[in-house]
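In: build the 3D model from these lines:
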Amino acid sequence: MSARGRPGGGGRPRSRSRTRGCMIMLAVSIVAVAMCQLMIVHEFVHVTSPGTSDDLGARASDRGPPPGDKPPKDRDFDEARGFTGQRSDERRSNERARERAKAKGAVVYLAQFGNHSSYGVQRDPRTGTLVTGHSKLNRSLALLYANYADRFPADVLVFHDGGSVLDDETISELSRGREGLKFVSLRGKRWSLPHGLKAWHFRAFRWKRPAFGVGYRLMVRWYAVSIWDYLRGEGYTHVLRLDDDSYVLSEIEYDLFDYARENGIKYGFRMPVYEEGGEEFDSLIDRYLAEHPNVTTPESIEAYQKDRGVGFYNNFFLADVSFFTTPPASDLLRVIDESKLIFTHRTGDLVIQSALVRLFARPEEVHWFRDFNYEHMTLCRKDKCGPLVRKGCPQNGGLARGAGLYTDAEWRDYARREVKDRFKDNPRICNIPVNDEVVGANDVRDCVKPDSRCGAYLSRVSGGHGTTIVAAASAGNETA
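Out: Below you'll find the predicted structure:
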């Protein structure tokens, strides 16, 4: 029997039929795959095209509630949730409440979890032990929370460069019992050199003041330029800056951020200081003012140019973020940043902030906080830092007296116990005079005197020399 006649045989007619069937199935499969691809592309474009979701949302809103199901009077309809049961006036009230909640302040640190490359080590005045690394920050946080943040809660942001020294154990230790404490890494764009600069330029092109490394200059740029847009983007309206060796040593009995808002304060400081920005910085400011003669008042320009060094020891400052993110301050900040003087000449955030505030904020918008004890002090690390500053002795800053906390005799005793005795074992013998407001280095101690070169400006700011210390005999008298 031929293959054609076999039951179930595989003759040629059946082979052709099978082939045609396979081809038809393949064609159907190809068409189906093509249709699926078209549907996927359509869905992708539908979801991601610019404006699509907003436009579709508007059309859905135009349709309103389902037919035959009209919303009750003054009630809102939400496409996803249906009737909210919320009247329009209630919704507006809640929206205003949410806006008020956004008006918030943050306390910020930029912490180094090792020894600072530029500042001397510190000693705990009570134990005499070295205070370095994260132990400085731990002490600063403990005093901040005990004397302020436990009573007036706020976000406390600890910025860092993401170094390996900061581990989970350290974060856990520092966070224990401290509400609102957060750690924020600045690695990447926020902690990088501006366009056109490389780290190797530091030595190859001999940047000024080489004792201050690239990391220090990145810190300056962060506090002078970059932090403002970050804070605005996070919804913060005000900021209080502290260093990891800034110590709030007595209770602050009011909310600093509320005080600034209610009194229209653009910038607040705890200690004034005299520090000049250098010839290049001065020339840059003068060119900007010449090109923008109406950017501020002639009186502000004249007062600034008369004595440019009067400024703010900005390891403690409180600022209205919008002051630095809107012209004219933001415009001048851009010019300063583009000059790259922060890196090539080590122009500091102190002189940058002081220049902007003195030029663009009215004196009554600047507040001198004087009613709590505060310490920030750096020590000389070289054999000598000036004619009277020896190694291991205070070079900058000091401990500022809180108004009304002591009689003159009590203040002298406190200054001796808390500061002067700290250096009594230094074989170089530190000269640390005390006046009515500060015990410490000359820069701050001299600037606070009413008859100093800082005095004229300080007499005009909010909380200035018109507010005298209770029981102070004569401002400026010093004791050895």
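In: ok, and the helix or strand in the chain with the lowest average confidence?
Out: Every helix and strand of the chain was ranked by mean pLDDT, DSSP states H and E. The lowest is helix 52-63, at a mean of 34.
In: where does the stretch 351-480 of the chain have low pLDDT?
Out: Scanning the stretch 351-480 of the chain for pLDDT under 70 picks out 466-480.
In: look up how far Ala111 lies from Tyr267.
Out: 23 Å (C-beta to C-beta, to the nearest Å). Glycine gets a C-beta too; all of them are placed from N, C-alpha and C.
In: contacting residues for the spatially closest residue to Leu231 that is not a sequence neighbour?
Out: Among residues not flanking Leu231 along the chain, Val321 sits closest, at 4.9 Å (C-beta to C-beta, 6 or more residues apart in numbering). Neighbouring residues of Val321 by C-beta atoms under 8 Å, 6 or more residues apart in numbering: Trp228, Leu231, Arg232, Tyr236, Thr237, His238, Val239.
In: most neighbours, which of those?
Out: Most neighbours among the contacts of Val321, by other C-beta atoms under 10 Å: His238, with 26 neighbours.
In: one step back: now, the contacts of Val321 that are in helices?
Out: Counting by DSSP state H, the contacts of Val321 place Trp228, Leu231, Arg232 in helices.
In: which stretch of helix or strand covers the residue lying closest to the first one once chain neighbours are set aside?
Out: What sits nearest to Trp228 in space, not counting adjacent residues and going by C-beta to C-beta, 6+ apart, is Phe324, at 4.2 Å. Element membership for Phe324, per DSSP states H and E: helix 321-325.
In: next structured bit after that helix?
Out: helix 329-339.
In: coming back round to it: which one of the ones in helices among the contacts of Val321 is nearest to Lys182?
Out: Looking at the ones in helices among the contacts of Val321 and their distance to Lys182, the nearest is Leu231, at 13.1 Å (C-beta to C-beta).
In: please tell me how far that closest one sits from Ser283.
Out: 30 Å.
In: kindly report the same for Leu166.
Out: Noted for Leu166: a distance of 40 Å to Ser283, by C-beta to C-beta.
In: could you do Lys420 as well?
Out: Distance from Lys420 to Ser283, by C-beta to C-beta: 41 Å.
In: over to Gly180?
Out: In this view, Gly180 and Ser283 are 43 Å apart by C-beta to C-beta.
In: quick one on the thing from earlier: neighbours of the residue nearest to Trp228, just the number please.
Out: For Phe324, the neighbour count with other C-beta under 10 Å is 25.
In: over to Glu291?
Out: Neighbour count for Glu291, taken as other C-beta under 10 Å: 9.
In: Val335 versus that one, what's the distance?
Out: 9 Å.
In: how about Ile301?
Out: Using C-beta to C-beta, Ile301 is found at 16 Å from Val335.
In: higher neighbour count, these two?
Out: Ile301 (17 against 14).
In: just give me the neighbour total for the nearest residue in space to Tyr267 that is not next to it in sequence.
Out: Spatial nearest neighbour of Tyr267, chain neighbours left out: Val357 (4.6 Å); criterion: C-beta to C-beta, 6+ apart. Residues within reach of Val357, counting by other C-beta under 10 Å, total 26.
In: what helix or strand is Val357 on?
Out: Counting by DSSP H and E, the element that carries Val357 is helix 349-360.
In: quick revisit: out of Leu166 and Ser283, which sits in the busier spot?
Out: For Leu166 versus Ser283, neighbours defined as other C-beta under 10 Å are more numerous around Leu166 (20 against 13).
In: now do the helices in the stretch 101-250 of the chain.
Out: Counting by DSSP state H, counting those that start in this stretch, one finds helices in the stretch 101-250 of the chain at the ranges 134-144, 168-175, 201-204, 214-221, 227-233.
In: ditto for the stretch 251-400 of the chain
Out: Along the stretch 251-400 of the chain, counting by DSSP H, counting those that start in this stretch, helices occupy 256-262, 279-291, 298-306, 321-325, 329-339, 341-344, 349-360.
In: in CSV, list the ones you listed along with distance to Ser135.
Out: Listed next are the helices of the stretch 251-400 of the chain as CSV, based on distance: least, C-beta to C-beta, whole Å:
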stretch, distance to Ser135
helix 256-262, 26
helix 279-291, 35
helix 298-306, 40
helix 321-325, 31
helix 329-339, 34
helix 341-344, 29
helix 349-360, 25
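In: could you list the low-pLDDT ranges of the stretch 101-250 of the chain?
Out: Scanning the stretch 101-250 of the chain for pLDDT under 70 picks out 101-103, 114-133, 163-165.
In: at 90 instead, please
Out: Within the stretch 101-250 of the chain, the segments meeting pLDDT under 90 span 101-103, 112-135, 161-168, 170, 187-190, 192, 194-196, 198-206, 208-212.
In: that one: strands as residue ranges?
Out: With DSSP state E, counting those that start in this stretch, the ranges of strands along the stretch 101-250 of the chain come out as 104-110, 122-123, 130-131, 155-160, 181-185, 236-241, 247-248.
In: now render the ones you listed as JSON lines, adding distance to His345.
Out: As requested, the strands of the stretch 101-250 of the chain are arranged in JSON lines below (distance: least, C-beta to C-beta, whole Å):
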{"stretch": "strand 104-110", "distance to His345": "21"}
{"stretch": "strand 122-123", "distance to His345": "28"}
{"stretch": "strand 130-131", "distance to His345": "31"}
{"stretch": "strand 155-160", "distance to His345": "24"}
{"stretch": "strand 181-185", "distance to His345": "28"}
{"stretch": "strand 236-241", "distance to His345": "23"}
{"stretch": "strand 247-248", "distance to His345": "31"}
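In: which of those strands sits closest to Cys393?
Out: Closest to Cys393 of those is strand 122-123 (C-beta to C-beta; 12.2 Å).
In: on that earlier part again, tell me how far the helix holding Phe324 lies from the chain's centre.
Out: With C-alpha atoms, centre = their mean, to the nearest Å as the basis, helix 321-325 stands 12 Å off its chain's centre.
In: might you report the residue contacts of Gly463?
Out: His367, Trp368, Phe369, Arg370.
In: show me the contacts for the third one.
Out: Spelled out, it's Phe369. Here Phe369 is in contact with Leu256, Gly268, Phe269, Arg270, Phe316, Leu318, Gly463 (C-beta under 8 Å, 6+ apart).
In: kindly report the same for Leu399.
Out: So, once contact is read as C-beta under 8 Å, 6+ apart, Leu399 ends up touching Leu249, Asn373, Tyr374, Glu375, Met377, Ala415, Glu418, Val419, Val438, Val439, Gly440.
In: switch to 6 Å and redo it
Out: Contact analysis of Leu399 by C-beta atoms under 6 Å, 6 or more residues apart in numbering lists Glu375, Val419, Val439, Gly440.
In: report how many residues lie close to the second one.
Out: By the criterion of other C-beta under 10 Å, Val419 has 21 neighbours.
In: apart from its neighbours in sequence, what residue is nearest it?
Out: Distance criterion C-beta to C-beta, 6+ apart; nearest residue to Val419, sequence neighbours excluded, is Val439 at 4.8 Å.
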